[in-house]
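Below are the sequence and a predicted model for it; my questions follow.
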Amino acid sequence: MATETKQTSEPDGVLRLGGPGLAAEPTGDIHEIETDHLEVSMGPQHPSTHGVLRLKVKLDGEWVTEVQPEIGYLHRGVEKIAENRTYFQFLTITDRLDYVAAMACNAAYAVAVEKLAGLTVPPRAELCRVIVQELDRIASHLVSVGTYGLDLGATSPFIYAFRDRETILDLLEMVCGARLTYSYIRVGGVARDLPEGEWRTRFRQFLDEFPPMLDEQDTLLSENEIFLLRTRGVGVLPPEVAVNYGTSGPVLRGSGVAYDVRRSKPYGLYPQLDFNVVTRPTGDCLARYQVRVEEMRQSVKILRQCDQLLDEIPPGEVLAKGARGVKPAAGEAYASVESPRGEMGVYLISDGSNKPYRLKWRSPSFVNLSVLSAIGRGWKVADLVAIIGSIDPVFGDVDR
Amino acid sequence: MSTELPDSPEEAKPADDIFGLYGLEDLLGEGVEVSVPPVGDPVVTIAREKLLEACRFFKEEQGFDYLILVSGVDRGDHLESVIHLGKADAPNIVILKTAVPYDDPHVPSVTPLWQGANWHERESFDLMGIIYDGHPDLRRILLFPEWDEYPHPLRKEFRLPSLEGKYTVE
Amino acid sequence: MNLPITLTGIVEGALAPLGLQGLTPLVVYLLDALIILLLLIMPVVTILIWLLRKMLGFIQRRLGPMRVGPFGVLQTIADAVKLFHKEDLFPANADRVVFALAPFLVFVPAVLVYVVIPFGQGDGFVTKDLSVGLVYLTAVTSISAIGIITAGWSSDNKWSLLGGLRSAAQLVSYELPMTLALLGPPLMAGTLSLSGIVAAQQSVWFVVPQALGFLIYFIAALAEIAHLPFDLPEAESELVAGYNVEYSGMRFGLFFLGEFANSFTICLVATVLFLGGWHLPFLGGLPLTSWQTGLATVATMALLGGGIWYLNWRRAGWTSATRWHWLGYVSAAILAAIVLVAGLVGFISVVITLVKTSLLVFVLMWLRGTLPRVRVDQLMSFGWKALVPLGLVNFLALAFQAATGIPTGWVLNLLFFVFVGWLLLFAWRKRWAYSAVS
Amino acid sequence: MSAHQLAFLVLGVLILVSALMVVTVRNLVHAALFLILCFAGVAGLYVLLQAEFLAVAQVLIYIGAITVLILFGIMLTRKITGGAQPPLASHWKAAGAGAGAFLLLLLYVAMTGQWQVSDQPPMDSTTTLGLALVTRYVLPFELASVVLLAALVGAVLLARDETR
């Protein structure tokens, strides 16, 4: 399939994109037969919508002529809950947002509160944060990449990915006792220091074993001709559109824009660490997939440096003084971290009490998913599945 | 392939005048107020009639091409529409605030400038009840269309019934 | 089968008092089919499904079924029992009669195919050696398409309708290259009977002079049974489950069984038509005696066991949970014992056929564990733009060779081998990964 | 009664009933399915006549290919639930006349034809058929292939997308 993306500007000034299927508008006498478009509802129970996404899809044969995402099936009113919890209490709720990468949610919230309250995080805690965040980033990307294979019909990469993810979950379990809802990163630091001894050994072992395993798993997909046929040139998102929609994370970087919160709006220990912001110029599904795989390699690179830093920064204080009953002065702050899905931001307004006056969660999946109705048109149903998978939304994060 | 970026967050903090914020004040005259709070990013408070103009100024003259967030805040006596703008290649953030009265919760939509505002504004409409004029498809997004129990649950007038008197840690 | 008391005798004896002796052949035929179904196909399918799942588990580094029976061998039976217990659901707006009948239209042809397939040397191992066996084969397999389409249509579900339409297009398109490839063996053997074709491969298997045809057949047959790179009719991630999305209980089970039976069938047909059936490599010219084949079988199984052991040993660093190599030894020992003690040539020939088939089934599983799914337009263009022209060229070359004696078929295959070699070299040198960017 | 007679009786009833259902049933998909049944019955008749090749060819072509295409066409053009159609379409008079003429022709052939009855088992029908097709009946055979080719070209022409 040739790389062919149509871009039209329609009267309402809305920029519309679409795949090659949009060219198949019928012309000539022979096509003037009354035809029906098939309207199907993809989801919320459809296996490949990655959660409770519902798409209203209009089909012309197998071509998608219109796609309209309907969300909110997992809406739990997190922002309202935040107004009724203290700053300390709300942290456990953040685990339930992007449940595939809960560390990033913890971190986003913690960074925002710290910015608002002017708390300084101890260096050891910053190190712990980077380590768990990067481990969690690998775990999350493994889920994404593995299920992406599943979306395209390849079953094995999924199992390979979850095997490696299991190792990470074991490591994180040893750190904080939980495998999914960590609540490890706290306001002002982390819950406890990283364990010594066996954890360290297993951590190093993971760093040594994971890259070849990743290569093996990646070989199954990115060297497979069918996979390339299915992803190359499909669902192209041009960089200017990606920025215009405010997408972030692998979706934006897959379009060639080097926007990574870890570099663009540095926080924590990241300015001291050496890693590349991975981009791919093409903006198709393959690019987004490749960005994720390459980011895992970069995360390993970061973790290697952290492994050295663990020896250099001595164990000690991991939670700032006065962090538990934090009561920021009236004011507001916006802070964001780079979650595996992109810029995860928290906009906090304090009225001086111990509860947030208003908390607004800028979830990357929400923003990234909004681009779907623009790039999903004009492709086949099968491509639509590939495009959703490459956007990688998590519905705890979308619906909040 | 990484963009040239400042080495530390301290350097990333913009000085006031780089922004041309005061230039904006000259440009737009009355109804624009700029403040740089001690914590956080520069805030520009704008009358809603001039919001779109200011947004265009920021996008086209100042290079704030990346829309981070559109949100609504219930300030107790009025609503507030808040826009966070950023840049795809620099760490700057600017916050645009527009006061919206309860009885006339209209504010111009910024979707003509940023497509990404579409869902943000729908969410703000859904949960906060701010009506964005010029939005192509303003309907509920998170709550279901027939929701009418508490029309806009993020407003302060709505208190969670289940939490009334409970879970109050002082 | 040369039983001391023949089935015909028994049936005749039972029917004679009723004055219905005339019906004897019919009844015998039906009983024969029933026996084949119950004694051969059901156990084979049951074991096969277990084996397939084990193989898939092996590829995916897990154990596969382990709970029911030793090493999970009874898993399929447990699944079938579970399916039988499930409620038989009908969607509210479904076309009830058609909906109820569709699974049988898929399952019955899958079983009927076995009627003409010679499992081993001698008349006892083929139910009915039709003189038009090959045409029968293609005819019967083409019926299952109707079952799939009507299942998709009668469910009154848009997804299943899409699945049905997809499969109709796919089956019709791939029947053409498959039939073209199937025309090769009878051209060389000069007969349409399957045992005749096997007999003609005594000296050289048809896969050698018809490698291209074999490949075309195998690929097209994968599409015909909707196996993995071509499993679009039931693409789970796109169409939920395609045509069978509304089915439950044993009706779903019939689709499921039919599918596995089909996987086995295409491998069996490929074995019979291209891999020499019960003939052993390099021993084809010799008369089939028990000790030779016994030795060869033992050697093959030992090689297999050793190979599995080697693979396991190489990967032991990652996971040592699967200890598969002993299975290879045990099966080799059992087979060797059977062969040496019984010394049954016919039985050995069945074993050889089944071993070859299992190897092909392994390839099938390998594909299932490795490949993603193609898109519907890619599927169509591959079928029509690659397989059909290739099949035509192959058929013309073979026909020309058969008519004139000029070895055009051989030349074509030589070219094909050169092409494959070049392709492999190319693939080996072209490392996609991330050399270009980053 | 021999097995042959019984089988003939069953098949005859099957063919007649299903053929009748094809033209009277209101649902087009059902009609197509009855058509399959009818074809299957005819294939059974061929088996009774020991014309195995014809029988399997009947199944392969009429059931496996033609009805699949018919079903495909119906599903593409009809509403999913297959709205009921009047059993007698507008051209029923012309159709009736055609069918009647054909019936007369068949009757004439059946009455006047010289039917040979032989006790000999038939020759390998495949070989005979093949030889007859490329020797004695080579002209009709080639004509049929030209018609098919023309149909193929026409189909390609119709399906070609003019916008690309």
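Looks like it arrived, so ask away.

From now on I want contacts and neighbour counts done on CA atoms only, so please keep to that.
Fine.

Please, where are all the helices along chain D?
D:3-24, D:28-48, D:52-57, D:67-77, D:92-112, D:125-134, D:138-159 (DSSP state H).

would you turn these into CSV with distance to residue A:194?
As requested, these are exported to CSV (distance: least, CA to CA, whole Å):
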stretch, distance to residue A:194
helix D:3-24, 77
helix D:28-48, 68
helix D:52-57, 73
helix D:67-77, 62
helix D:92-112, 86
helix D:125-134, 80
helix D:138-159, 66
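
most packed of those helices?
helix D:52-57 (a mean of 23; mean count of other CA atoms under 10 Å in any protein chain shown).

From the contact counts, what lies against that one?
Other elements packing on helix D:52-57 under the criterion 3 or more CA pairs under 8 Å, 6 or more residues apart in numbering or on different chains; DSSP states H and E are helix C:133-154, helix D:28-48, helix D:125-134.

give the contact list for residue D:16.
Applying CA atoms under 8 Å, 6 or more residues apart in numbering or on different chains to residue D:16 gives the contacts residue D:38.

quick one, which of the helices of chain D is nearest to residue A:79?
helix D:67-77 (48.3 Å; CA to CA).

Quick check: which helices or strands does the closest one pack against?
helix C:133-154, helix C:158-182, helix D:28-48.

name the helices or strands packed onto the last one?
To tie it back to what came earlier, the one meant is helix D:28-48. helix D:3-24, helix D:52-57, helix D:67-77.

relative to helix D:3-24, how tilted is it?
160 degrees (axes from the mean of the first three to the mean of the last three CA atoms, to 10 degrees).

now do the first one
Interaxial angle, helix C:133-154 versus helix D:3-24 (the same axes, to 10 degrees): 40 degrees.

where do the strands sit along the chain?
All of this is about chain A. A:6-9, A:15-18, A:38-42, A:54-60, A:63-70, A:185-186, A:189-190, A:331-339, A:342-350, A:356-362 (DSSP state E).

pretty sure residue C:180 is touching residue C:390, no?
No - using CA atoms under 8 Å, residue C:180 is not in contact with residue C:390, being 9.2 Å away.

just to revisit the earlier point, Serialize the helices of chain D to a markdown table and add fields for mean pLDDT.
What follows is the helices of chain D, written out as a markdown table (pLDDT from 0 to 100):
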| stretch | mean pLDDT |
| --- | --- |
| helix D:3-24 | 85 |
| helix D:28-48 | 85 |
| helix D:52-57 | 81 |
| helix D:67-77 | 77 |
| helix D:92-112 | 88 |
| helix D:125-134 | 78 |
| helix D:138-159 | 88 |
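
and residue A:72, which of these is closest to it?
Nearest to residue A:72, of those and by CA to CA, is helix D:67-77 at 34.7 Å.

Identify the residues contacting the closest one?
Contacts for helix D:67-77 (CA under 8 Å, 6+ apart): C:145-146, C:149, C:153, C:165, C:168-169, C:172, D:28-29, D:32, D:35-36, D:82.

With stretch A:297-310 instead?
A:127, A:130-131, A:134-135, A:137-138, A:204, A:207, A:211, A:273-276.

any chance you could map the helices in chain B?
Going by DSSP H, chain B shows helices at B:9-12, B:21-28, B:51-56, B:117-128.

hmm, the last one touching chain A?
In this case it means helix B:117-128. Yes - using CA under 8 Å from any CA of the partner chain, helix B:117-128 reaches chain A at B:117, B:119.

again, but for stretch B:76-85
No - figure legend: stretch B:76-85 not in contact with chain A (CA under 8 Å from any CA); closest approach 8.6 Å.

pLDDT weak spots in the stretch 201-350 of chain C?
C:234-240, C:281-333, C:335-348 (pLDDT under 70).

which residue ranges form the strands in it?
With DSSP state E, counting those that start in this stretch, there are no strands along the stretch 201-350 of chain C.

ok and the residue in it nearest chain D?
Using CA to the nearest CA, residue C:224 is the residue of the stretch 201-350 of chain C that sits closest to chain D, at 12.5 Å.

now that residue, nearest residue through space, not along the chain?
Spatial nearest neighbour of residue C:224, excluding adjacent residues (CA to CA, 6 or more residues apart in numbering or on different chains): residue C:171 at 5.5 Å.

and that neighbour, how many residues sit next to it?
26 (other CA atoms under 10 Å in any protein chain shown).

With residue A:316 instead?
That count, for residue A:316 with other CA under 10 Å as the rule, works out to 12.

For the residue nearest to it when sequence neighbours are not counted, give me its contacts.
Leaving out its chain neighbours, the residue that sits closest to residue A:316 by CA to CA, 6+ apart is residue A:124, at 6.8 Å. Neighbour list for residue A:124: A:193, A:313-318 [criterion: CA under 8 Å, 6+ apart].

Let me know the average pLDDT across the strand or helix carrying residue C:423.
Assigned by DSSP states H and E, residue C:423 belongs to helix C:408-429. Summarised as a single mean, pLDDT over helix C:408-429 is 78.

Check which helices and strands that helix sits against.
helix C:211-224, helix C:388-404.

Kindly recompute the last result at 6 Å.
helix C:388-404 (3 or more CA pairs under 6 Å, 6 or more residues apart in numbering or on different chains; DSSP states H and E).

Please enumerate the strands of chain B.
B:32-35, B:43-46, B:66-74, B:79-86, B:93-100, B:106-108, B:131-133.

Any chance of JSON lines for the ones you listed, columns distance to residue C:75?
As requested, these are arranged in JSON lines below (distance: least, CA to CA, whole Å):
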{"stretch": "strand B:32-35", "distance to residue C:75": "71"}
{"stretch": "strand B:43-46", "distance to residue C:75": "66"}
{"stretch": "strand B:66-74", "distance to residue C:75": "53"}
{"stretch": "strand B:79-86", "distance to residue C:75": "58"}
{"stretch": "strand B:93-100", "distance to residue C:75": "60"}
{"stretch": "strand B:106-108", "distance to residue C:75": "64"}
{"stretch": "strand B:131-133", "distance to residue C:75": "59"}
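
To residue A:73, which of those lies closest?
Short answer: strand B:66-74, nearest of these by CA to CA, at 20.7 Å.

mind saving the C-alpha coords of the closest one as PDB?
Output of strand B:66-74 as PDB, limited to C-alpha atoms (Å, rounded to 0.1, in the frame of the first residue of the first chain):
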ATOM      1  CA  TYR B  66       1.400  23.600  21.600                       C
ATOM      2  CA  LEU B  67      -1.900  23.700  23.500                       C
ATOM      3  CA  ILE B  68      -1.300  21.900  26.700                       C
ATOM      4  CA  LEU B  69      -4.700  22.200  28.400                       C
ATOM      5  CA  VAL B  70      -8.000  24.000  28.400                       C
ATOM      6  CA  SER B  71      -9.800  23.700  31.700                       C
ATOM      7  CA  GLY B  72     -12.500  25.300  33.700                       C
ATOM      8  CA  VAL B  73     -12.300  26.500  37.300                       C
ATOM      9  CA  ASP B  74     -15.100  27.300  39.600                       C
END
